[in-house]
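Enquirer: Structural data only, the sequence is not supplied:
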């Protein structure tokens, strides 16, 4: 009898212990969850005044050439780094914020058009299938429009919750920034091709050498040149009644640009002489295959490149015989441009994942968002120095 009572007591004791343990475990989870929720600051809505103000700043920096990364109206390291470099360029102490009051509204309406749809098409995720496509296009109109306006894909969808999918004719809200246009990429590609063809044909067409033409400023998506002094008109001699032709303006010398890659900061700085004029966030290699330190030079600048996908090169830096020739397009692993340096298989290029710039690793190259890669490819030429620190 005593044994039965003792067994019952022990059974009930075990039940109570289990119940208490479950209660403490549940309370622990709820407390931890509460602490976690209290520790997180909810993301402000797109029309929140603070987010609007920060988006104004990002748009200002983007257009000034000091790129803040993807536009989303949220604080981030690249926005701060861009502000610091802008202050350096203006010669003022870091920490002073630029006046962006002239940007009244950072948003505007945009109607999705055929020009967006023509760059959307079939996609593939593995090189064997990508090689079979005619071009590596955007996977959706969302993706195409987000890249057009330099913005985060999730931010664009957050701005337009009424649309599950976009279509030609959809009227949406976008950041009011100068657009990155694939049509501009193709136009510049054609201009470069035509110029190269003309240079090859020039010796046969003109046997006598032409006078040397002074170097001209490089075409840039934003004004990085120094103010041009307009030459004063030459005075006419008193004995000459007829007017003389206006003097030929002296061409502005081409700026001597150089690039500095700061690997730890994941940032490319652009200098004219010793004056910083632009900066771009980037992904500079990886821990296994870092971009090598030293001073290198730009050796090539190819728009809409084909890409030789070689797993061995990507993982070890050593070329193999097993590779796939991927077609060009905005969703190519190297994006819309390849700027090689005098180091085998290393260069600066675009990407098909702009939202991950500076937040992931590359296979030994220098990766930029397509809109930034297109800007920087117009600021460099063959021989432009690239210092990697």
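Expert: Yes, it's here. As the structure is a computational prediction, the values presented were derived from the model and not from experiment.
Enquirer: Share the number of residues neighbouring residue 51, please.
Expert: 19 (other Cβ atoms under 10 Å). C-beta: built from backbone N, CA, C; applies to glycine.
Enquirer: Next up, the contacts around it.
Expert: Residue 51 sits next to 44, 45, 73, 74 when contact means Cβ atoms under 8 Å, 6 or more residues apart in numbering.
Enquirer: element containing it?
Expert: helix 49-64 (DSSP states H and E).
Enquirer: need the contacts of residue 51 in TSV with distance to residue 353, pLDDT and secondary structure, can you?
Expert: Conversion of the contacts of residue 51 to TSV gives the following (distance: Cβ to Cβ, whole Å; pLDDT from 0 to 100; DSSP: H, G, I helix; E, B strand; the rest coil):
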residue	distance to residue 353	pLDDT	secondary structure
44	25	93	coil
45	26	95	coil
73	21	97	coil
74	18	96	coil
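Enquirer: Give the buried subset of those residues as a ChimeraX selection command.
Expert: If you want just the buried ones from those in ChimeraX, going by 16 or more other Cβ atoms under 10 Å, the selection is:
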select :73,74
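Enquirer: which element follows the helix holding residue 51 toward the C-terminus?
Expert: With DSSP H and E, the next secondary element past helix 49-64 is helix 77-90.
Enquirer: ok, and for that following helix, which residues are buried?
Expert: Buried residues in helix 77-90 (16+ other Cβ under 10 Å): 78, 79, 81, 82, 83, 84, 85, 86, 87, 88, 89.
Enquirer: so which of the residues you listed comes closest to residue 136?
Expert: Proximity of the buried residues of helix 77-90 to residue 136 was ranked by Cβ to Cβ; the top entry is residue 78 with 26.0 Å.
Enquirer: Apart from its neighbours in sequence, what residue is nearest that closest one?
Expert: residue 69 (3.8 Å; Cβ to Cβ, 6 or more residues apart in numbering).
Enquirer: For the one you found, which residues are in contact?
Expert: Counting by Cβ under 8 Å, 6+ apart, residue 69 makes contact with 76, 78, 79, 281, 357, 358, 369.
Enquirer: I'd guessed the first one sits against residue 57; true?
Expert: No. Using Cβ atoms under 8 Å, residue 76 and residue 57 do not qualify as a contacting pair, with a distance of 11.3 Å.
Enquirer: Show me which of those two is the more surrounded one.
Expert: Using other Cβ under 10 Å as the criterion, residue 76 and residue 57 rank with residue 57 on top: 20 against 17.
Enquirer: just to revisit the earlier point, and the helix holding residue 51, average pLDDT?
Expert: Computed over helix 49-64, the mean pLDDT rounds to 97.
Enquirer: got the residue ranges for the strands in the chain?
Expert: 107-111, 171-175, 257-262, 267-272, 275-281, 283-284, 294-297, 302-303, 307-309, 324-326, 337-340, 347-349, 366-367, 385-388 (DSSP state E).
Enquirer: Contacts for the first one next, please.
Expert: Contacts with strand 107-111, where a contact means Cβ under 8 Å, 6+ apart, come from 46, 145, 149, 159, 169, 170, 171, 172, 173, 174, 175, 176.
Enquirer: Sheet partners, orientation included, of it?
Expert: Paired strands of strand 107-111, with direction, are strand 171-175 (antiparallel) (DSSP bridges).
Enquirer: buried set for the partner strand?
Expert: 172, 173, 174, 175.
Enquirer: Which single one of those is nearest to residue 291?
Expert: The closest of the buried residues of strand 171-175 to residue 291 turns out to be residue 175 (Cβ to Cβ; 30.4 Å).
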